[in-house]
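K.L.:
give me coordinates for this.
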Amino acid sequence: MPRPYVYVNMAMTADGKITSATREYPRFTSEHDRAHMDRLRAEADALLIGGRTVRADDPSWQIRTDAMRERRRELGKPPGLLRVLVTASARVDGSSRFFDPVEAERVVATVEEAPAERLAALAASAEIWRLGRGQVELVRLLERLGQRGVGRLLVEGGGELNWALVREDLVDELNVTLAPALLGGRQAPTLLEGDGFPMARQRRLRLEELRREGDEIFCRFTVRR
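P.N.:
Next up, the predicted model:
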């Protein structure tokens, strides 16, 4: 079974930050970016996010507009996306919006040694997949999602999860919204965190689409292989 097509969607400031150094909820994009996110969600089979992002932001998982809900019906997809949370620690709040029982199934992807009491608390609201030790084995996760029928997997961060996927060469497409804002801060997270590549191993991209809406720039890249 082939793995899903993996496409990342992230917004960043003009100086490359996805939030502030204190990791506040990001508030620097416009309605144009929210509409763009809604369209990408409408086209996805599942949505993948990291535990740190859920703890910091507790984002909404819904498709917001009637037009995009109709788009989803036209594509023959169920009303809600499969929600997948990656967390080695299983340190997530069971009352977060990830666990809202609205038109969607939920998966918590974690590791063998994740605390049993935390997983027991989450198992009432989500499937628990133990995939690897120390860190979630993303190749196995994608294989299992492919077996589940996921053809298009949308990733919404954060930077550590994005980096782990890029490091394993599992990202096919990158959507970046460049917002007209500056945050600065050497501790402020960027689109890719982790250890990074040396220059000789950089990943190269192909620009497939570039457009401007208001003061924001929307870029769509595919990964060169």
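K.L.:
lowest-confidence helix or strand of this structure?
P.N.:
Least confident helix or strand of the chain, by mean pLDDT, DSSP states H and E, is helix 51-57 with a mean of 89.
K.L.:
distance from that helix to the middle of the chain?
P.N.:
11 Å (Cα atoms, centre = their mean, to the nearest Å).
K.L.:
again, but for stretch 139-151
P.N.:
15 Å.
K.L.:
and it, which residues are buried?
P.N.:
141, 142, 143, 144, 145, 146, 148, 150 (16 or more other Cβ atoms under 10 Å). Just so you know, the C-beta spots here come from the backbone N, C-alpha and C atoms, and that holds for glycine as well.
K.L.:
stretch 122-141 too?
P.N.:
122, 126, 129, 131, 132, 136, 137, 138, 141.
K.L.:
what number of residues lie near residue 182?
P.N.:
11 (other Cβ atoms under 10 Å).
K.L.:
any idea how far the nearest residue to it once chain neighbours are set aside is from residue 115?
P.N.:
Once flanking residues are discounted, residue 182 sits nearest to residue 15: 5.1 Å by Cβ to Cβ, 6 or more residues apart in numbering. Counting by Cβ to Cβ, to the nearest Å, the gap from residue 15 to residue 115 is 38 Å.
K.L.:
now the buried residues of stretch 139-151 as a markdown table including secondary structure?
P.N.:
Output for the buried residues of stretch 139-151, formatted as a markdown table (DSSP: H, G, I helix; E, B strand; the rest coil):
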| residue | secondary structure |
| --- | --- |
| 141 | helix |
| 142 | helix |
| 143 | helix |
| 144 | helix |
| 145 | helix |
| 146 | helix |
| 148 | coil |
| 150 | coil |
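K.L.:
got a list of what residue 135 touches?
P.N.:
88, 111, 164 (Cβ atoms under 8 Å, 6 or more residues apart in numbering).
K.L.:
can you give me the pLDDT of the second one?
P.N.:
When you say that, I think you mean residue 111. Residue 111 is assigned 97 on the pLDDT scale.
K.L.:
coming back round to it: quick check, nearest of the buried residues of stretch 122-141 to residue 21?
P.N.:
Looking at these and their distance to residue 21, the nearest is residue 136, at 26.4 Å (Cβ to Cβ).
K.L.:
is that closest one in contact with residue 110, as I believe?
P.N.:
Yes - look at residue 136 against residue 110 with Cβ atoms under 8 Å: they come within range, at 6.5 Å.
K.L.:
common neighbours of these two, please.
P.N.:
86, 87, 88.
K.L.:
closest one to residue 105 out of the residues you listed, please.
P.N.:
Nearest member of the shared contacts of residue 136 and residue 110 to residue 105, counting by Cβ to Cβ, is residue 86, at 15.8 Å.
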